[in-house]
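1. Starting from these lines, generate the structure:
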Amino acid sequence: MVPTPSRPRAALAAGLCLSALLTGACPAGAQDVSAVAPPPVQDAAKGEPIKTEPAKEPSAAKPAEPAPVPAAQPSPSPEAAPAKALEAARKSREPAPLVYAKVSADPVPAFTPQTFLHTLRAAERYAAFAEAGGWEKVPDTLMSLKPGERHPAIPALRHHLTLEGDLPADAPASDRLDPPLVAAVSAFQARHGLPDSGILGRLTINALNVPAETRQRQLAASAARLMGTKFPFGERYVAVNIPSATVEAVENGQVVRRYVAVVGSPDKATPTVETRITDINFNPTWTVPISVVKNEIIPQMRKNPGYLAKNRIRILGPGGTEVDPTKVDWATEKAANYTLRQDSGLDNSLGQVRIDMPNRFAVYMHDTPAKSLFARSVRFHSHGCVRVGQVKELVGWLLQGVEGPNGPGSTWGAMEIETGIADGERRDIKLPKPVPVAFVYLTGYAGADGRAQFRDDIYWLDSPKPAASPAASPAPAPAAAAAAPRPADPPATGSVGSRAPAAKAAAPPVPARRSSEPFQTVR
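-> Residues are numbered from 1 along each chain as shown. I've put the predicted structure just below:
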């Protein structure tokens, strides 16, 4: 049966579904991070699973304390058992608390008007390191080292950290892991998107053993991708560094907030884009791309005819007339001739908010019902769009200075945003002054202080992928395979103005991806 249009009561019912979704009771829900690990993505430079900001390092084990012996408790009465069972059932339906991976608090943006020149100079400096022999590899036995202990590889570690500027050149020579060296290790970790614990764990050893030649190549390739950019930075802009899987809200040259993000997987890469954010959409609908209809919807409908109704997806024919799914021949691909649109709601693939930014790739930033992914250290799971953790906070920043829902003098604060979403109706809010936004791919970059930052080359853009690397991640699709942009969504009931014309995408191309996001029940 075709689902009816969403209403406030339907939004409330969807809220109950979200509880099941987040606790794992719903098949479409997010899975527990500790129970399901993402498939590892290999890095050409290290041959190790890709990390992103941040990955947990092993810490020194603490001696186990004897567990206190619990006092004897009286046996519960038979009458108390049903009450306790009801309470346990109630708690099992409550949504799990949201957890977000920790990201850097560095106020320096990854992408600024000076990033190109700073990165180019850093590449020249690392080329000199490579020509001089680079640095020695350090052994795994350093992982067992505790502060204050000695190790014959410590001088080589000191030399490396001094070259890169993490350890002062005038630091006293020693084969001991002393406090200045621990601080230098912490600084090194921060530059590589690792937790700055100062502990020499596996990921830190892997990063230390990446050759100077590889680091120089990362810097040079990133600078080349920035060459010729005409991005209008301005006082306020948004930057997404794809390899970092983070979103930066930049104001007056400083990062005022950095958000954890989920970006495209290696075979569905997020493209580099330079455009402007023009609209904020509350309770967006989602138009299913033709590629998803052919590859995912049609096979699902052949196995489960109630699939569309369960996921509140409508079939629209010419003129927007609704088509009964039972009238469609699912044994063929004729369904691709129709428009399939998912109703707005908590379980919508785009969540409760979409940040609209016209571009030829039809990518954008949005909320998601699969929020457990934000807690993961590896966050390369989307079909190309960027899912933003704490997206409503970013929306509040974007809507600063925009007239609120109560007329002149009102603003879009946290309460107004929640209220605007809670009624379940689609609403578009046009930004009077569009905010510039850039999706960039920087695996190596430098700031004004010359210190280089490094992230993993998740899409193999810095160097060719090794031919014999079966464990490595799949190669991205060629650019010619890009899908057509998704159809425009219908006008919202609370629309404020029309959309701006599509902006030109950034010059440096990246591997293609599907034209829009899949909903979580498919992936």
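2. so what's the backbone phi/psi at V353?
-> phi -140, psi 140 (degrees, to the nearest 10).
3. now it, nearest residue through space, not along the chain?
-> D367 (4.4 Å; C-beta to C-beta, 6 or more residues apart in numbering). Quick note: C-beta positions are derived from backbone N, CA and C, even for glycine.
4. and the one you found, what pLDDT?
-> You'll see D367 listed with a pLDDT of 92.
5. try R360
-> The score at R360 is 94. That number is its pLDDT.
6. For it, give its distance to E274.
-> 11 Å (C-beta to C-beta, to the nearest Å).
7. packing partners for the helix or strand containing A309?
-> Using DSSP states H and E, A309 maps to helix 307-310. When contacts are defined as 3 or more C-beta pairs under 8 Å, 6 or more residues apart in numbering; DSSP states H and E, helix 307-310 sits against helix 298-303.
8. contact partners of the helix it packs on?
-> Y307, L308, P325, V328, W330, A331, E333, A335, A336, V522 (C-beta atoms under 8 Å, 6 or more residues apart in numbering).
9. Can I get those in CSV including neighbour count and secondary structure?
-> Shown next, in CSV, are the contacts of helix 298-303 (neighbours: other C-beta atoms under 10 Å; DSSP: H, G, I helix; E, B strand; the rest coil):
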residue, neighbour count, secondary structure
Y307, 19, helix
L308, 22, helix
P325, 21, helix
V328, 18, coil
W330, 18, coil
A331, 9, coil
E333, 12, coil
A335, 21, helix
A336, 16, helix
V522, 17, coil
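10. possible to save the residues you listed as CSV with pLDDT?
-> Listed next are the contacts of helix 298-303 as CSV, based on pLDDT from 0 to 100:
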residue, pLDDT
Y307, 91
L308, 93
P325, 93
V328, 92
W330, 93
A331, 93
E333, 91
A335, 91
A336, 91
V522, 33
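11. Show me the two of those that sit farthest apart.
-> A331 and V522 (19.8 Å; C-beta to C-beta).
12. Would you mind writing the CA trace of the longest strand seen in the chain as CSV?
-> Ranked by residue count, the top strand of the chain under DSSP state E comes out as strand 427-440. The C-alpha atoms that make up strand 427-440 are tabulated as CSV, following Å, rounded to 0.1, in the frame of the first residue of the first chain:
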residue,chain,number,x,y,z
ARG,A,427,10.8,24.3,4.7
ASP,A,428,13.5,26.0,2.6
ILE,A,429,15.4,29.0,4.1
LYS,A,430,17.3,31.0,1.5
LEU,A,431,20.5,32.7,2.7
PRO,A,432,20.4,36.4,1.7
LYS,A,433,24.2,36.2,1.5
PRO,A,434,25.3,32.8,0.2
VAL,A,435,28.3,31.3,2.1
PRO,A,436,31.3,30.1,0.1
VAL,A,437,32.0,26.4,0.5
ALA,A,438,34.9,24.2,-0.8
PHE,A,439,35.4,20.5,-0.8
VAL,A,440,39.2,20.0,-1.1
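13. distance between the helix or strand where Y237 lies and the chain's centre?
-> Taking DSSP H and E as the criterion, Y237 maps to strand 236-241. Relative to its chain's centre, strand 236-241 lies at 14 Å (C-alpha atoms, centre = their mean, to the nearest Å).
14. just checking, what packs against that strand?
-> Counting contacts by 3+ C-beta pairs under 8 Å, 6+ apart, strand 236-241 packs against strand 246-251, strand 427-440.
15. so which of the ones you listed is the most packed in?
-> Comparing the helices and strands packed on strand 236-241 by mean neighbour count (mean count of other C-beta atoms under 10 Å), strand 246-251 ranks first with a mean of 24.
16. who's in contact with it?
-> So strand 246-251 is contacted by 53, 103-104, 109-111, 233, 235-241, 255-261, 365, 386, 388, 394, 397 (C-beta under 8 Å, 6+ apart).
17. Report the contact partners of I297.
-> I297 makes contacts with V288, Y307, L308, I313, A335, L340, V522, as judged by C-beta under 8 Å, 6+ apart.
18. One more: A183?
-> Here A183 is in contact with G198 (criterion: C-beta under 8 Å, 6+ apart).
19. Next one: it from S197, what distance?
-> On the measure of C-beta to C-beta, A183 and S197 end up 11 Å apart.
20. Can you report how many residues neighbour R354?
-> With neighbours defined by other C-beta atoms under 10 Å, the count for R354 comes to 27.
21. For it, pull up the helix or strand it's in.
-> strand 353-356.
22. list the helices and strands that strand packs on?
-> By 3+ C-beta pairs under 8 Å, 6+ apart, strand 353-356 packs against strand 273-282, strand 365-366, helix 391-398.
23. deepest of the ones you listed, which one?
-> strand 365-366 (a mean of 25).
24. Can you name the residues in contact with that one?
-> With contacts defined as C-beta under 8 Å, 6+ apart, strand 365-366 is touched by 240, 247, 284, 350-351, 353-355, 357, 385-388, 391, 394, 437, 517.
25. Can you list the strands that that strand pairs with?
-> With DSSP bridges as the criterion, the sheet partners recorded for strand 365-366 are strand 353-356 (antiparallel), strand 386-388 (parallel).
26. mean confidence score for the shortest one?
-> I take that to be strand 386-388. Averaging the model's pLDDT scores along strand 386-388 yields 95.
27. The longest one too?
-> Averaging the model's pLDDT scores along strand 353-356 yields 95.
28. who's in contact with it?
-> So strand 353-356 is contacted by 277-282, 284, 364-367, 388, 391-392, 394-395, 398, 421, 428, 499 (C-beta under 8 Å, 6+ apart).
29. Dump the C-alpha coordinates for it into PDB.
-> What follows is strand 353-356 as a C-alpha-only set of coordinates in PDB (Å, rounded to 0.1, in the frame of the first residue of the first chain):
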ATOM      1  CA  VAL A 353      18.400  18.900   7.400                       C
ATOM      2  CA  ARG A 354      20.100  19.400   4.000                       C
ATOM      3  CA  ILE A 355      22.600  22.200   3.300                       C
ATOM      4  CA  ASP A 356      22.100  23.100  -0.400                       C
END
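30. Can you select the buried ones among the contacts of strand 246-251 for me in ChimeraX?
-> Here is the ChimeraX selection string for the buried members of the contacts of strand 246-251, based on 16 or more other C-beta atoms under 10 Å:
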select :53,103,104,109,110,111,233,236,237,238,239,240,241,255,258,259,260,261,365,386,388,394
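31. Distance to R125 added to the contacts of I297, as TSV?
-> TSV is the format used below for these (distance: C-beta to C-beta, whole Å):
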residue	distance to R125
V288	49
Y307	56
L308	57
I313	54
A335	56
L340	53
V522	47
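32. Let me see the ranges of the helices in the stretch 351-500 of the chain.
-> 391-398, 414-422 (DSSP state H, counting those that start in this stretch).
33. Ok, which of the ones you listed comes nearest Y459?
-> helix 391-398 (23.8 Å).
34. between the closest one and strand 246-251, how big is the angle?
-> Using axes from the mean of the first three to the mean of the last three C-alpha atoms, to 10 degrees, the direction of helix 391-398 lies 20 degrees away from that of strand 246-251.
35. Let me see the contact set for the closest residue to A446 other than its chain neighbours.
-> Of all residues not flanking A446 in the chain, A122 sits nearest, at 3.8 Å (C-beta to C-beta, 6+ apart). Neighbouring residues of A122 by C-beta under 8 Å, 6+ apart: L219, G444, Y445, A446, G450, A452.
36. Just the buried ones out of the residues you listed, please.
-> The buried subset of the contacts of A122 - by 16+ other C-beta under 10 Å - is L219, G444, Y445, A446, A452.
37. contacting residues around the helix or strand harbouring the first one?
-> For L219, the enclosing helix or strand under DSSP H and E is helix 212-226. Residues lying outside helix 212-226 but in contact with it, judged by C-beta under 8 Å, 6+ apart, are 45, 115-116, 119-120, 122-123, 126-127, 129-130, 134-135, 272, 440-446, 452, 454, 457, 461-463, 508.
38. could you give me the average pLDDT of it?
-> On average, helix 212-226 scores 97.
39. Only alpha carbons, please: show it as CSV.
-> This file holds the C-alpha atoms of helix 212-226, laid out as CSV (Å, rounded to 0.1, in the frame of the first residue of the first chain):
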residue,chain,number,x,y,z
ALA,A,212,60.4,11.7,3.4
GLU,A,213,59.9,11.1,-0.3
THR,A,214,56.3,10.1,0.2
ARG,A,215,55.6,13.1,2.4
GLN,A,216,57.1,15.4,-0.2
ARG,A,217,54.9,13.8,-2.9
GLN,A,218,51.8,14.4,-0.7
LEU,A,219,52.6,18.0,-0.3
ALA,A,220,53.4,18.6,-4.0
ALA,A,221,50.3,16.8,-5.2
SER,A,222,48.1,18.7,-2.8
ALA,A,223,49.6,22.0,-3.9
ALA,A,224,49.0,21.0,-7.6
ARG,A,225,45.3,20.4,-6.8
LEU,A,226,45.0,23.9,-5.4
